[in-house]
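In: Requesting a structural model of the entry that follows:
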Amino acid sequence: MKRLIALAAATAALSGCAALTPAHLPEGNAFRLWMPDASTVQVIGDMNGWGGLSEAGGRLDPGIGAMTLGEDGFWTLEMPLPRGGCRYVFMVDGYMWVPDRLNPVRAGYLGHEVSVIVTGE
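Out: Numbers count the residues shown, from 1 in each chain. Coordinates of the predicted model:
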């Protein structure tokens, strides 16, 4: 039983972004999501406090990580990423969690499946 508890503790400690290896790094730190019918899209994650969800009270701030819709149906946002990496997800219309379809590497956050990238060396 002690081994199981130690294994669970080690797994939890390693669930930070730097321990996970990505398959995809946004080109030029530009996040893109094709979702032409969405009203709003945000990219939230470790790099911006999960859009306010990680703060006391846990409320999503629609201004954090707000993306811009282009005529081609792609939502885009260029943002700096923390050295080491991070977990992230696209928040569509303020309630739908959409992992990056171009990045198959996943982790969990607040019971949701999110994407993982690693930056820097």
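In: Pull the contacting residues for residue 29.
Out: 78-81 (CB atoms under 8 Å, 6 or more residues apart in numbering). Where you see a C-beta, it was placed from the backbone N, CA and C, and this is true even at glycine.
In: and with 6 Å instead?
Out: 78-79, 81 (CB atoms under 6 Å, 6 or more residues apart in numbering).
In: Could you check how far it is from residue 77?
Out: From residue 29 across to residue 77, the span is 9 Å (CB to CB, to the nearest Å).
In: wait, which of the contacts of residue 29 is closest to residue 51?
Out: residue 79 (12.1 Å; CB to CB).
In: Spatially, what comes nearest to the closest one if we skip its sequence neighbours?
Out: Once flanking residues are discounted, residue 79 sits nearest to residue 29: 5.9 Å by CB to CB, 6 or more residues apart in numbering.
In: what separates that neighbour from residue 44, distance-wise?
Out: To residue 44, residue 29 is 15 Å away according to CB to CB.
In: what's the lowest-pLDDT member of the contacts of residue 29?
Out: Lowest in pLDDT among the contacts of residue 29 is residue 81, which has 79.
In: before we move on, what SS does it have?
Out: With DSSP: H, G, I helix; E, B strand; the rest coil as the basis, residue 81 sits in coil.
In: Got the phi and psi for it?
Out: phi -110, psi 150 (degrees, to the nearest 10).
In: Quick check: it touching residue 119?
Out: Yes. Contact criterion CB atoms under 6 Å: residue 81 and residue 119 qualify, at 4.7 Å.
In: what pLDDT does the spatially most central residue of the chain get?
Out: For the chain, residue 88 is the residue whose C-alpha lies nearest the centre (CA atoms, centre = their mean; 0.5 Å). Looking at residue 88, its pLDDT reads 95.
In: contacting residues for it?
Out: Neighbour list for residue 88: 43, 45, 115 [criterion: CB under 6 Å, 6+ apart].
In: Please report how far the second one lies from residue 81.
Out: Think residue 45. 9 Å.
In: Also the first one?
Out: Counting by CB to CB, the gap from residue 43 to residue 81 is 10 Å.
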